[in-house]
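1. My questions are about this predicted structure, shown below with the sequence.
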Amino acid sequence: MQAELLLAEDCRYQAFYCEENVWWLCQAPALAALPRFVLFISNPQRRVGMWAQRAGREGEPVLWDYHVVLLTAEPWLVWDLDTLLGWPMPASDYLRLSFRDPAPQLAPCFRTIDGEKLLKTFRSNRAHMRSADGSWNAPPPAWPAPGAKDQAPNLMRFIDFEDRAIGGEVLDLTSLREKLDGPP
């Protein structure tokens, strides 16, 4: 299957579990030949304004604590199962339409992680999706959580942009746009 034939409806998807959706998407055979990078989107306030998201109201941004998408190269495309913009979307258009003139406190930061590295290192126990009483904030996916059960979860490390040891490159919106204007 070629990348352009990969349909969103053929991908694993669970609302509010973008990191797991992208973990599975990163493994899609149709994308295997492409350079793949995972973008963790957040900021120090853990409050990023994103437009054109399924969870939002028309004409208003969604305020995510974090969001995760897949970025492929040659050409640069964003694969976001939560966007209303298109599948896949040219990265320059996605960034322009998803982050419309953000207020400084809602401006995104990005951690880019090589897709293969993420597949080998990412672990989640879904604890971030539980309330204090143990109930789910959103229904969990039917599939098992990514990573070995005997290893500590590390999702929060990927969205902590001060944590350099987890790897990847941390960029602001302008720097990411400049990076995508160059070679992969």
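-> Great, that's in hand. Numbering: from 1, shown residues only.
2. need the helices for the protein, in chain order.
-> Listed in chain order, the helices of the chain (DSSP state H) span 18-25, 91-98, 115-121, 155-158, 173-181.
3. Show me what the first one packs onto, helices and strands only.
-> In terms of contacts (3 or more C-beta pairs under 8 Å, 6 or more residues apart in numbering; DSSP states H and E), helix 18-25 is packed against strand 67-72. Bear in mind the C-beta positions are built from the backbone N, C-alpha and C, glycine included.
4. Tell me the confidence at the closest residue to D80 other than its chain neighbours?
-> Closest residue to D80 apart from its sequence neighbours, by C-beta to C-beta, 6 or more residues apart in numbering: V69 at 4.3 Å. Reading off the confidence values, V69 has pLDDT 98.
5. and the gap between I113 and G49?
-> Distance, I113 to G49, by C-beta to C-beta, to the nearest Å: 23 Å.
6. Likewise for K117?
-> 28 Å.
7. And the pLDDT for P44?
-> pLDDT at P44 comes out at 93.
8. which residues touch it?
-> Residues near P44 by C-beta atoms under 8 Å, 6 or more residues apart in numbering: 109, 161-162.
9. burial of the residue nearest to D80, as a residue count?
-> V69: 26 surrounding residues under other C-beta atoms under 10 Å.
10. For it, list the residues it contacts.
-> Residues in contact with V69 (C-beta under 8 Å, 6+ apart) are 18, 22, 38-39, 41, 78-80, 83, 94.
11. what's the answer for V38, then?
-> Here V38 is in contact with 22, 26, 68-71, 112-115, 118 (criterion: C-beta under 8 Å, 6+ apart).
12. can you check I113 too?
-> Shown in contact with I113 (C-beta under 8 Å, 6+ apart): 37-38, 40, 158, 167-168.
13. Closest one of these to G134?
-> F158 (24.2 Å; C-beta to C-beta).
14. Okay, the closest one and W87: tell me how far apart.
-> Computed as C-beta to C-beta, the F158 to W87 distance reads 23 Å.
15. More neighbours: those two, which one.
-> Between F158 and W87, counted using other C-beta under 10 Å, F158 has the larger neighbour count: 22 against 16.
16. Show me which of K117 and G49 is the more surrounded one.
-> The neighbour comparison of K117 against G49 (other C-beta under 10 Å) goes to G49, with 22 against 14.
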